[in-house]
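[1] Sequence below, structure please.
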Amino acid sequence: RRLTEIVENFKSKEDEYRERSETKTIALDDLDLTLNRQGIQIQGRPDRIDEHRDGLFIMDFKSSSDLPDGQDMVEQG
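    From the prediction side, this is the model:
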């Protein structure tokens, strides 16, 4: 019963988000992407990509407490 409440609440919030943001989800956690800009290459697998009339929202949700800070990311490449 508790799990059903959680899922129903999540769906309700997702519906509100889509209506408010006017987005459409086009991918969920199944694309490997590479972006090359000015000699820098960024690779990753986003959790979600939403399409909007102004472009794309690429989302990568962070849930780990072991994430590096900005200095670590620069030093470790």
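[2] can you map out the helices along this structure?
    2-21, 70-76 (DSSP state H).
[3] Quick one: closest of those to Asp50.
    helix 2-21 (7.4 Å; CB to CB). The way it works is simple: take the backbone N, C-alpha and C, and place the C-beta from them, glycine included.
[4] Now do that closest one, average pLDDT.
    Averaging pLDDT along helix 2-21 gives 91.
[5] centre of the chain versus that helix, how much separation?
    Relative to the mean C-alpha coordinate of its chain, helix 2-21 is positioned 17 Å out (CA atoms, centre = their mean, to the nearest Å).
[6] now Gln43: how far from Phe10?
    Distance, Gln43 to Phe10, by CB to CB, to the nearest Å: 29 Å.
[7] swap in Gly70?
    From Gly70 to Phe10 the distance is 31 Å (CB to CB).
[8] Looking only at neighbour counts, state which of those two leads.
    The neighbour comparison of Gly70 against Phe10 (other CB atoms under 10 Å) goes to Phe10, with 10 against 7.
[9] what about the residue nearest to Ile26 when sequence neighbours are not counted, neighbour count?
    Nearest non-adjacent residue to Ile26, counting by CB to CB, 6 or more residues apart in numbering: Glu51, 4.9 Å away. When neighbours are defined as other CB under 10 Å, Glu51 has 14 of them.
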